[in-house]
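# Build me a model:
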Amino acid sequence: MKTIITILVGAGLFLAGSSASNFARAAEATSEPPAIHRIYIAHFSHTDFGFTDLQSVCRELQRRYLDIALDAVLATMAGPAERKFYWTAESVVAVDDWWQAATPERREQFRRAVRSGQLEVAAMPFNQTPFLNAAQWRTMLHWLPEDLWQQFKPTVALQNDVNGFPRAGAMAVLDRGIRHLYMGINADSGGPPFARPSAFWWKMPDGRRLFVWLNLSYPDGYDFFESAHWRRGPVPAAADTRYRPPRAGDFFRTDEASLRAAHAQCLRRLDQLRRGGYAHDVLTISMTSHWRMDNDPPFLPLADFVAAWNQLGLKPELVFTTASKAIQAMEQAVGDKAPEYEGEFTDWWANGTASGPREVAASRLAKRLLAAAQSPLWGPPDAAVTRRLDALYKDLCLFDEHTWGSSMSVAQPWTLDTQAQFNEKAAFAFKPMAHAEWLLSQRVRTRLLSEGAGLLVANPSAAPFSGWVRLIATCLRGDFNSVERPDGSRVALRFENGVQPWGRPSRPGDLTREDVSATFSDNAPRQVAKFWIEKLDGNSIVKLRLSPESAEDRPPQIANPTTALDPSGWPASAQWPGMSRPLFLPGLGDFVAVKVKAFAPRWKLHDMAGSAKTQRDQLRQEAIEETRAAADGSATVSETPHTLLYEQPLRHPRLTWATRKVELWKREARARLTLRLCRRSSCDPEILFAEFPLPCEGTLPTLTCGGMPFTPYRDQIPGSCRDYFAIDGWAHYATPNGHWLWVSRDAPLMTLGAPQVWQRLTTAPADTHRVLAMLFNNFWYTNFAADEHGVMEFQFDLVWREKLADAREAAALAETLTAGPVVLLNDSTKDHPIVLERLFRP
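Presented below is the predicted three-dimensional model:
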């Protein structure tokens, strides 16, 4: 994504980060930085899946661009060295798409081009958001078949546009033998952590290091030689015949007058870099074409321009090369002077993902289902299962790709193009969700149908499960009232109201306030059956039997948690025996909305993002308003021998309705909060939060991203985003009073202390014991969804343990809390072997 706003900002040429850089240190060491005598130029197409065109069209374009680049390489391979064309394939997805469509002869030409060094394949499939889990990172770095990877031998990873890079990704890159990361961060609505261009060594927890080149923004090489932009639109569709890609003579002209004008422009740029403190005698820049800047074809006249420049004897020398050769040259030139940093490289752009909370929830459900499908309970995955897993993880990776949607998605949210692009993006969440569910069911049936008649309950996660097992009541072919355990004891089968498909409502009480369509009763009796399971071991199965006999569950032999209620009857705290502090503090599940009071409010946000601290604080004070939901009635409470359930309606001007429920486990210090809300339609920018105050004052939590733990504010790259964090889904507070684990099933973005709207924090805020889950955020002015409205559900778990050893144990517990059991109901009849083989075997 490259917007006109970014271009205008980038015209300042020297882009300062939010923390001290190696520029300043270098400037102190010498009063006169050396003249730059060589500039390396890398050329590639910045890959957006979306933004300029429909995602599937973008993939076709990128495949065709590889054909153009390949032909240009082949045409210049035997020619003069100074006129050779070079191309870096930024996206492995494009290479894979191209390879699948290519003939054997064409594939051999590609191999020749790679061996020549003029065409290279970078390591990453695409530029990504920080929401990939550990399994996805394995998929990302094994996108190509291994034999192709070994033939192409990538040596550099590219991450363009995005404002960060997960440390899990850096570790995955290093695991593949790649030690160079080339980043062209887009400074819009965020920015690089340091002044740039610059380099640093990124040290991993295991001691390995990645050499990172913080390039100027990926298309900015153009501005080193041209003072005016050729691009119009600024983002015309590839199919728009009123626009065209640039041709020879449009810019980078090779006549002497044009070359000398380009030289003068280059010297102005270099002078600005030197005055800004750039202290090296070589430089690397990159450029895309100037049709749209994103998803653009190779600009073939670039090789002739470089050759003509050098032939005229202009200085500095230009070297047209690949990204890997360029970054190798920079390491050789500046590696011994580059500073070293450690920590998570958090991303300013992560907040855009919260514009689609339903799609995010679907993607996270798909990831949980795929994890369950790989439980050792079902046996080792065969080749067919492995292929399905790989395909579904690839779709989920594409959902976590950075682009999301149309360049006009916020300005014109209801156009066909915006809707088409969001539809294709959303499919990368919903399709794997459904297929992962089907794959899991196949593995369950294949493994468990042979166990005979019974109600089989499996825990496919690592930690023990305690909680309700729910069944849609229509699956019960009989009048059952209890479930019999293997030892002959029984547990009660309880029934709840719920949706009755095709059930005509006969009275207002058949409909809840959530049932806006009033079509099927959603408050019909005995629609959901549930029973309690206590401590079902991880990766284990229990075989139960439905019984018509009645049963009474025995309550625990310990006292209920001590619960304090606020004036509306909502729990303000709950404390179990053995705890010296409560599980939570007053304000659990409070709903907070942040809005912008301004004309053209997203422009006010853009001003805020780009302002210095004093002005930013003033703008925030003028424009940012927080409003809290109020209780819309007293909380109700219901009790079983196992839990206490509190339920309360909320009211807020931005919501049609909202309901929060908190269920307190009796036998363990645990609470589950479920927040359901119906957001009113509005394109105005807002952020919606749910609050979780914990008794962990003065303690910073451990978070993880891609399976890699980090401590916010302490264990981060200086200058990276500290206003909010993309996480795998949990926060662990280790205190002298025990361990608190907060788990978010659906919302993978959070902040601490308070809503942090363009605070650009550099240190931890006050009240880091207050967790705020970011439920929704449509602050962005492009790419992301403008107005996702309607019903949304968010589930959170809170657990206290006296001991919780480390991040691995916390992650295992968090997985179990969100995963839930798998249930197979089987009778005494048997499926035909053909059905078993052709339907239920993956």
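# tell me the secondary structure for Tyr65?
Following DSSP: H, G, I helix; E, B strand; the rest coil, Tyr65 is assigned to helix.
# how much space between the closest residue to it other than its chain neighbours and Val93?
Of all residues not flanking Tyr65 in the chain, Pro297 sits nearest, at 4.8 Å (C-beta to C-beta, 6 or more residues apart in numbering). To be clear about C-beta, it is placed using only N, CA and C from the backbone, and glycine gets the same treatment. In this view, Pro297 and Val93 are 17 Å apart by C-beta to C-beta, to the nearest Å.
# do Thr640 as well
50 Å.
# what about the two, which has more around it?
For Thr640 versus Val93, neighbours defined as other C-beta atoms under 10 Å are more numerous around Val93 (24 against 16).
# Run through the protein and note the low-pLDDT ranges.
In the predicted model of the chain, residues 1-32 satisfy pLDDT under 70.
# Next, name the residue at the spatial heart of it.
Centroid-nearest residue in the chain, with C-alpha atoms, centre = their mean: Phe131, separated by 2.6 Å.
# Next, count neighbours for the nearest residue to that residue once chain neighbours are set aside.
Spatial nearest neighbour of Phe131, chain neighbours left out: Asp400 (4.7 Å); criterion: C-beta to C-beta, 6+ apart. Using other C-beta under 10 Å, Asp400 has 22 neighbouring residues.
# what does Gly538 give?
Using other C-beta under 10 Å, the number of residues around Gly538 comes to 17.
# nearest spatial neighbour of it, skipping sequence neighbours?
Ala462 (4.3 Å).
# One more: Phe225?
Ala262 (4.1 Å).
# isn't the one you found right up against Trp309?
Yes - counting by C-beta atoms under 8 Å, Ala262 touches Trp309, with 7.4 Å between them.
# pretty sure Thr322 is touching Glu120, no?
Yes - contact criterion C-beta under 8 Å: Thr322 and Glu120 qualify, at 4.4 Å.
# shared neighbours, the two?
Trp87, Thr88 (C-beta atoms under 8 Å, 6 or more residues apart in numbering).
# quick check: domain ranges of this protein?
Annotated domains of the chain cover 4-20+37-342, 562-822 [automatic domain parsing].
# can these go into TSV with extra columns for distance to Asp537?
Output for those, formatted as TSV (distance: least, C-beta to C-beta, whole Å):
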stretch	distance to Asp537
domain 4-20+37-342	23
domain 562-822	11
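# Relative to Asp522, which of those domains is closest?
Across these, Asp522 has its closest neighbour in domain 562-822 (11.6 Å, C-beta to C-beta).
# for the closest one, how far is the first residue from the last?
Chord length of domain 562-822, first to last residue, is 32 Å (C-alpha to C-alpha, to the nearest Å).
# just how off-centre is it within its chain?
When distances are taken as C-alpha atoms, centre = their mean, to the nearest Å, domain 562-822 is centred 17 Å away from the chain's centroid.
# strand partners of whichever strand or helix holds Ala671, parallel vs antiparallel please.
For Ala671, the host element (DSSP states H and E) is strand 670-679. Here strand 670-679 has these sheet partners by DSSP bridges: strand 655-665 (antiparallel), strand 790-801 (antiparallel).
# Buried ones in the shortest one, by neighbour count?
Taking 16 or more other C-beta atoms under 10 Å as the basis for neighbour counts, the residues of strand 655-665 that come out buried are Leu655, Thr656, Trp657, Ala658, Thr659, Arg660, Lys661, Val662, Glu663, Leu664, Trp665.
# Looking at those, which is nearest Pro486?
Of the buried residues of strand 655-665, the one sitting nearest to Pro486 (C-beta to C-beta) turns out to be Trp665, at 23.4 Å.
# ok, now which ones touch the residue nearest to the closest one when sequence neighbours are not counted?
Closest residue to Trp665 in three dimensions, ignoring its sequence neighbours and counting by C-beta to C-beta, 6+ apart: Thr643, at 5.7 Å. Counting by C-beta under 8 Å, 6+ apart, Thr643 makes contact with Glu663, Leu664, Trp665, Lys666.
# how near is the closest residue to Cys678 other than its chain neighbours to Ser744?
Once flanking residues are discounted, Cys678 sits nearest to Thr656: 4.0 Å by C-beta to C-beta, 6+ apart. Using C-beta to C-beta, Thr656 is found at 23 Å from Ser744.
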